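Trainee: Here is my input; please provide its structure:
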Amino acid sequence: QVQLAESGGGLVQPGGSLRLSCVGSGFAFRAYAMNWYRQAPGEERELVAAIGSAGGSTNYADSVKGRFTISRDNAKNTVYLQMNSLKPEDTAVYYCNTRVVGYAYWGQGTQVTVSS
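Mentor: Now for the predicted structure:
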């Protein structure tokens, strides 16, 4: 059974940093691309960052380029999202995602709130 478990969210002041983690289980983690999405209240879920299976290919939403970094440790079945220079508009629930055999799997999400 594919499971994704996020952690690392919280309340941070504007300009601060957070690192999110997502541990995957029940599938061959190292064989699949991984993604981070976010959803703010009243908004659609949007793709924030993506990383290839080996970690050599990454993509970012324009709104986070230069501030967020996605990475992975296949030995730990973990994908990370380092978020720097956080802004109030980054406030959202952040979700880890992968697609295995054509089916999309999601974690439970972790809340990130950027506020003074």
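
Trainee: Quick one: neighbours of the residue lying closest to Gln39 once chain neighbours are set aside, just the number.
Mentor: With sequence-adjacent residues excluded and distances taken as C-beta to C-beta, 6 or more residues apart in numbering, Gln39 is closest to Arg45, at 4.2 Å. C-beta: built from backbone N, CA, C; applies to glycine. When counting by other C-beta atoms under 10 Å, one arrives at 15 neighbours for Arg45.

Trainee: With Ser85 instead?
Mentor: Ser85, neighbours per other C-beta under 10 Å, totals 13.

Trainee: Local confidence estimate at it?
Mentor: Looking at Ser85, its pLDDT reads 98.

Trainee: Can we start the residue count at 17 from this point?
Mentor: Right, with 17 as the first residue, what we last looked at is Ser101.

Trainee: Assign it to helix, strand or coil.
Mentor: coil (DSSP: H, G, I helix; E, B strand; the rest coil).

Trainee: Report the contact partners of it.
Mentor: By C-beta atoms under 8 Å, 6 or more residues apart in numbering, the contact list for Ser101 reads 31, 33, 83.

Trainee: All good on my end, thank you.
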